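S.K.: using only what follows, build the 3D model:
(2 chains)
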Protein chains: 2
Amino acid sequence: MRLSRYFLPILRETPKEAEIVSHRLMLRAGMIRQESAGIYAWLPLGLAVLNRVCAVIRAEQDRSGAVEILMPTIQSAELWRESGRYEAYGKEMLRIRDRHEREMLFGPTNEEMVTEIFRAAIRSYKDLPKNLYQIQWKFRDEVRPRFGTMRSREFLMKDAYSFDLDQAGARHAYNKMFVAYLRTFARLGLKAIPMRAETGPIGGDLSHEFIILAQTGESEVFCDRAYLDFPVPAAGTDFDDVAGLQGIVDHWTSRYAATSEMHDADAFAAVPEAERMAARGIEVGHIFYFGTKYSEPMGARVTGPDGQERPVHMGSYGIGPSRLVAAIIEASHDEAGIVWPDAVAPFDVALLNLKTGDAATDAACASIQGELEAAGLTVLYDDRDERPGAKFASADLIGLPWQVIVGPKGLADGMIELKRRATGARESVAPQALVERLRQGRAG
Amino acid sequence: MRLSRYFLPILRETPKEAEIVSHRLMLRAGMIRQESAGIYAWLPLGLAVLNRVCAVIRAEQDRSGAVEILMPTIQSAELWRESGRYEAYGKEMLRIRDRHEREMLFGPTNEEMVTEIFRAAIRSYKDLPKNLYQIQWKFRDEVRPRFGTMRSREFLMKDAYSFDLDQAGARHAYNKMFVAYLRTFARLGLKAIPMRAETGPIGGDLSHEFIILAQTGESEVFCDRAYLDFPVPAAGTDFDDVAGLQGIVDHWTSRYAATSEMHDADAFAAVPEAERMAARGIEVGHIFYFGTKYSEPMGARVTGPDGQERPVHMGSYGIGPSRLVAAIIEASHDEAGIVWPDAVAPFDVALLNLKTGDAATDAACASIQGELEAAGLTVLYDDRDERPGAKFASADLIGLPWQVIVGPKGLADGMIELKRRATGARESVAPQALVERLRQGRAG
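M.R.: This is a model prediction of the structure:
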């Protein structure tokens, strides 16, 4: 992609309204634009990251056996009256009347709707287990939205819902999502630690938050440092192996880890001092088992092997991709800008032409872009008529993993410069060796 | 994907509320479920088709040089007051008050918001042309929603918006979308004919609807039969070639074609009788050039080469993917069910196990599924404990392009059966020859 044909409205000045670094950087790098309080448009660079985050989430949901659906954003109040949550939910629910004065709402979550979909289709234990997920926009009308896409009113959520015959089945469904979440966050380049959590307005018996550590995190967290070195379950993990998954979950919940709401100072004091870690974190995922809380009042019942009908046991499992984009920046940036992990970078390579208009440099850049793209790398080619300094600053700000720097001087020596954004390391490379060098760098 | 692990709630009975065939078939095949009047959840099979339709649309938008963004669904009324459309839009606009009593709305279209995004970022002709598009859910509060996803209240729309310095530039932007649309519909397996259209509530000077012919179409259309044989622009079409694109558009608008609103009986009578075609059609795309209708009141101005500021010339370009899924079914079905074109089929192959539980048949099916998937084909494996007749009926209903039928009798002779859904043609194939046979079939 040539930058001259792209849409990347970089801001020179730091926006005053942004209180946290991810919000500042997302605005400055032209990733998002605020359209109303807590409501953002995703510009091309931001959307590219959001799509990559979603692709990783989707791949791990699919691997765990969850099946993707897509529910509408606008729901009927009737459905929420069945569970009793319509009145209970409070002002965060965006309530709407349509032209026929029917009460509707913009879904803040989808337990009721997915239970309705399930009960209309499934009547027998033979069709269980099921886990249905979606990636869809939600709305929660926060009193004071802030921190950019970290706490916005309209936000993207991956929400999965599991259905099982009994508590043991539901526990296995919970463990599948637990393992899928560990894998998802690791693939996104994040260290996520599961912490026992309160079940909150969704209710239920068992719940974990997945927290990533970041100095600018909103939550205070306390945990055993050992978690940082725990191995993440492999891609080949057998999600049908009940005991195997339980073993992974037991291991990942064997040490102390708690957010401030669940913190137990005495238990924490029992952790060896060298292992104790008090830090700040950002919640990036939340999983719940809540039994028959919705299936009972809404009549989502199945016949068991004994011929008896009973309400299904359910759980729900959320990740906020739009929040996650901000969280990744909180965890990975420096003074010059964003430092994207390879797995979510909007492009692999920033190609900088230091003398746009110079025939030899233009030709070299066009040829390099073609070769990199033919090798399967995505390239943002800065072909603007700008000073090198402006191009360096933009490239550091938007944080693509590699910068390929092409100027007349280097070309005269048959060399181009390669810079790794994360480390700042620079090296000279012959143009014909570039693709191979980047392949190694990607693997390494 | 094993059907036992999928979520495919097939209906045995024809739903009474469905007036048109696509609505009936989408409900029966478990593609969608109605959640409120004119509001649908997309179940896995439906979502798979919707995603494939969007992938083709996206590829052709990108090819034409448009850049993808994603705007929020909820918009501020203020923005619509700037263009004067807030009061004018009428009851189809879903109006909302948030918890602070601010007037908001669920976007029925995005001219205002994209103009705001543009004006905040671009000030000079040097950054033109631009075409920004999104694929996002919209809401239009129809008095009487009906026909399933063909005319729903919450619907998916690809909407693109072009920005140019002057009318000539905007004409070229219009022609790019015209050609992209011809390619998009052809790749989706549809014959689409561009017809001069009224500009309607969006306003403007130049507009075409793209209509596909279907006996069950909602519109009466009149056109020259010659269009059916017009060649579709090739993938290698140069979208920067102003004269070349104009030539294509001139050719594709050279014959008579009109919806009933724009029909001119005298002009139609001048078409040679053998060429005259009066038929029914479905609008699947709509493109507009509307000049400075929004940029003027909203102050979206750029400096030209002469240093003078002027409002940009704009166009907007819509395709409804959720409507298109239904339109494809209207154009491609038979008495037994849907007949998916290869390009949008939710899976390539239905693999039918005629004796689930028989060790040899189960093993053969598992092996065939593995080989087909390794060859890059997507497979829905009917491993349910059902009679063969039920499996045949389901497979015909959901309309995957190929059926691979595996039973103990055939296996004893070393053969499996292959059926092409569109023609009903059956042939016997040795299992080891299957992948190669399907590869040929796909190419052919």
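
S.K.: which stretches in the stretch 151-300 of chain A count as helices?
M.R.: A:167-187, A:242-252, A:265-269, A:295-298 (DSSP state H, counting those that start in this stretch).

S.K.: redo these as TSV? Include distance to chain B.
M.R.: The C-beta positions use only the backbone N, C-alpha and C, and glycine is treated the same way. Below are those laid out as TSV (distance: least, C-beta to the nearest C-beta, whole Å):
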stretch	distance to chain B
helix A:167-187	12
helix A:242-252	16
helix A:265-269	37
helix A:295-298	14
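
S.K.: deepest of these, which one?
M.R.: Mean neighbour count (mean count of other C-beta atoms under 10 Å in any protein chain shown) peaks for helix A:167-187 among these, with a mean of 23.

S.K.: which strand in chain A runs the most residues?
M.R.: Longest strand in chain A, counting residues (DSSP state E): strand A:276-291.

S.K.: that one to helix A:167-187, inter-axis angle?
M.R.: Interaxial angle of strand A:276-291 relative to helix A:167-187 (axes from the mean of the first three to the mean of the last three C-alpha atoms, to 10 degrees): 140 degrees.

S.K.: packing partners for strand A:276-291?
M.R.: helix A:167-187, strand A:192-196, strand A:206-213, strand A:219-224, strand A:313-319, helix A:321-331 (3 or more C-beta pairs under 8 Å, 6 or more residues apart in numbering or on different chains; DSSP states H and E).

S.K.: go again with 6 Å.
M.R.: Strand A:276-291 is packed against helix A:167-187, strand A:206-213, strand A:219-224, strand A:313-319, helix A:321-331, with contacts defined by 3 or more C-beta pairs under 6 Å, 6 or more residues apart in numbering or on different chains; DSSP states H and E.

S.K.: strand partners (parallel or antiparallel) of it?
M.R.: strand A:206-213 (antiparallel), strand A:219-224 (antiparallel), strand A:313-319 (antiparallel) (DSSP bridges).

S.K.: interface residues of chain A facing chain B?
M.R.: When proximity is defined as C-beta under 6 Å from any C-beta of the partner chain, chain A approaches chain B at A:7, A:9, A:33, A:35-36, A:39, A:41-44, A:47, A:67, A:69-72, A:74, A:76, A:91, A:96, A:98-99, A:117, A:121, A:137, A:141, A:154.

S.K.: in strands, which of these appear?
M.R.: Going by DSSP E, the strands hold A:33, A:35, A:36, A:39, A:41, A:42, A:67, A:74, A:76, A:96, A:137, A:154 from the residues of chain A next to chain B.

S.K.: wait, the third one touches residue B:76, no?
M.R.: The reference is to residue A:36. Yes. Proximity of residue A:36 to residue B:76 meets the contact threshold set by C-beta atoms under 6 Å, at 4.5 Å.

S.K.: before we move on, the earlier item: between the ones in strands among the residues of chain A next to chain B, which sits nearest residue A:184?
M.R.: The nearest member of those to residue A:184, counting by C-beta to C-beta, is residue A:67 at 16.8 Å.

S.K.: C-alpha coordinates for the strand or helix carrying residue A:86, PDB please?
M.R.: Secondary structure assignment for residue A:86, by DSSP states H and E: helix A:85-88. The C-alpha coordinates for helix A:85-88 follow below in PDB (Å, rounded to 0.1, in the frame of the first residue of the first chain):
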ATOM      1  CA  ARG A  85     -32.700  -8.100  33.700                       C
ATOM      2  CA  TYR A  86     -34.600  -5.400  31.700                       C
ATOM      3  CA  GLU A  87     -35.400  -3.400  34.800                       C
ATOM      4  CA  ALA A  88     -32.300  -4.500  36.700                       C
END
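
S.K.: what residues does it touch?
M.R.: Helix A:85-88 is touched from outside by A:77, A:80, with contacts defined as C-beta atoms under 6 Å, 6 or more residues apart in numbering or on different chains.

S.K.: which parts of the stretch 301-444 of chain A are helices?
M.R.: With DSSP H, counting those that start in this stretch as the criterion, the stretch 301-444 of chain A has helices spanning A:321-331, A:359-374, A:388-398, A:408-412, A:434-443.

S.K.: kindly apply the preceding question to the stretch 1-150 of chain A instead.
M.R.: Using DSSP H, counting those that start in this stretch, helices in the stretch 1-150 of chain A cover A:21-28, A:44-63, A:77-83, A:85-88, A:111-121.

S.K.: by contact count, what packs against the third one?
M.R.: It refers to helix A:77-83. By 3+ C-beta pairs under 6 Å, 6+ apart, helix A:77-83 packs against helix A:111-121.

S.K.: skipping adjacent residues, who's closest to the closest residue to chain B within the stretch 51-200 of chain A in space?
M.R.: In the stretch 51-200 of chain A, the residue that lies nearest chain B is residue A:121 (3.5 Å; C-beta to the nearest C-beta). Distances taken as C-beta to C-beta, 6 or more residues apart in numbering or on different chains place residue B:9 nearest to residue A:121, at 3.5 Å, with adjacent residues excluded.

S.K.: and residue A:267, by the same measure?
M.R.: Residue A:267 sits nearest to residue A:256 (C-beta to C-beta, 6+ apart), 6.0 Å away.

S.K.: gap between the one you found and chain B?
M.R.: 37 Å (C-beta to the nearest C-beta, to the nearest Å).

S.K.: thought residue A:70 was touching residue B:47?
M.R.: Yes. Counting by C-beta under 6 Å, residue B:47 is a contact partner of residue A:70 at 5.1 Å.

S.K.: ok, now which ones touch residue A:32?
M.R.: By C-beta under 6 Å, 6+ apart, the residues touching residue A:32 are A:26, A:40, A:42, A:46.

S.K.: how about residue A:341?
M.R.: Residues near residue A:341 by C-beta under 6 Å, 6+ apart: residue A:189.

S.K.: tell me the pLDDT of it.
M.R.: On pLDDT, residue A:341 comes in at 96.

S.K.: quick one: residues in contact with stretch A:48-58.
M.R.: By C-beta under 6 Å, 6+ apart, the residues outside stretch A:48-58 that reach it are A:42, A:135, A:158, A:184, A:187, A:188, A:319, A:321, A:324, A:325, A:344, A:346.

S.K.: around the nearest residue to residue A:31 once chain neighbours are set aside, how many other residues sit close by?
M.R.: Nearest residue to residue A:31, sequence neighbours excluded (C-beta to C-beta, 6+ apart): residue A:46, at 3.1 Å. Other residues within reach of residue A:46 by the criterion other C-beta atoms under 10 Å in any protein chain shown amount to 24.

S.K.: and if you look at the one 5 residues further on?
M.R.: Residues within reach of residue A:51, counting by other C-beta under 10 Å, total 15.

S.K.: by mean pLDDT, which helix or strand of chain A comes out lowest?
M.R.: Among the helices and strands of chain A, helix A:434-443 carries the lowest confidence by mean pLDDT, DSSP states H and E, at a mean of 84.

S.K.: want to throw the helices of the stretch 151-300 of chain A into a markdown table with mean pLDDT?
M.R.: Formatted as a markdown table, these follow (pLDDT from 0 to 100):
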| stretch | mean pLDDT |
| --- | --- |
| helix A:167-187 | 97 |
| helix A:242-252 | 97 |
| helix A:265-269 | 95 |
| helix A:295-298 | 98 |
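
S.K.: isn't the residue of the stretch 51-200 of chain A closest to chain B up against residue B:8?
M.R.: No. Applying C-beta under 6 Å as the test, residue A:121 and residue B:8 come out as separate, 8.9 Å apart.
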